[in-house]
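Asker: Just to be clear, the model below is a prediction. Sequence and coordinates:
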Amino acid sequence: MHEENEGFQVLGFPCNQFGKQEPGSNEEILEFARSKYDANFPMFAKIEVNGDGECDLYKWLKSEKAKPDGVADIAWNFTKFLVGQDSEVLARFEPQTTPEEIGEQLGSHLGSE
């Protein structure tokens, strides 16, 4: 969902490091996300989020917000981060957290900026 008018923007970063769930090309991944899930947010090229090949963005995100148990690595696809307009990483949501649950929490995060 494209929610720029609500004060935030969803961005997608596919990764094939978890059960090889994203084996396709960037174009195939985008087409699948649009046709199956009606994803209409910006989708970036496939990246690595853990290990020697992890991209700089995820190095930074993980260094700013580890899981509550202190582990920084991404455990599975659909880990989500909320980044404020001032580039502060406000929250980290694990894969089982639904977009609806995140939506319920957005007011407190967006209101604090």
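Answerer: Okay, I see it.
Asker: After whatever helix or strand Glu27 lives in, which helix or strand is next?
Answerer: In this structure, Glu27 is located in helix 26-37 according to DSSP states H and E. As assigned by DSSP H and E, the chain's next helix or strand after helix 26-37 is helix 56-64.
Asker: returning to what we had before: for the helix holding Glu27, buried residues please.
Answerer: Ile29, Leu30, Ala33 (16 or more other Cβ atoms under 10 Å). Where you see a C-beta, it was placed from the backbone N, CA and C, and this is true even at glycine.
Asker: Leaving out the residues flanking it, which one is nearest to the last one?
Answerer: Looking back up the chat, that one is Ala33. Computed as Cβ to Cβ, 6 or more residues apart in numbering, the closest residue to Ala33 that is not its neighbour in sequence is Ala39, at 3.9 Å.
Asker: Wait, the one you found touches Gly12, no?
Answerer: Yes. Counting by Cβ atoms under 8 Å, Ala39 touches Gly12, with 6.6 Å between them.
Asker: which of those two has more neighbours?
Answerer: Legend: neighbour count by other Cβ atoms under 10 Å for Ala39 and Gly12, higher for Ala39 (17 against 13).
Asker: And the pLDDT at that one?
Answerer: Model confidence at Ala39, given as pLDDT, is 90.
Asker: what's it sitting at in phi/psi?
Answerer: Backbone torsions of Ala39, given as degrees, to the nearest 10, read phi -70, psi 120.
Asker: and it, how far is that from Pro99?
Answerer: Ala39 sits 11 Å away from Pro99, going by Cβ to Cβ, to the nearest Å.
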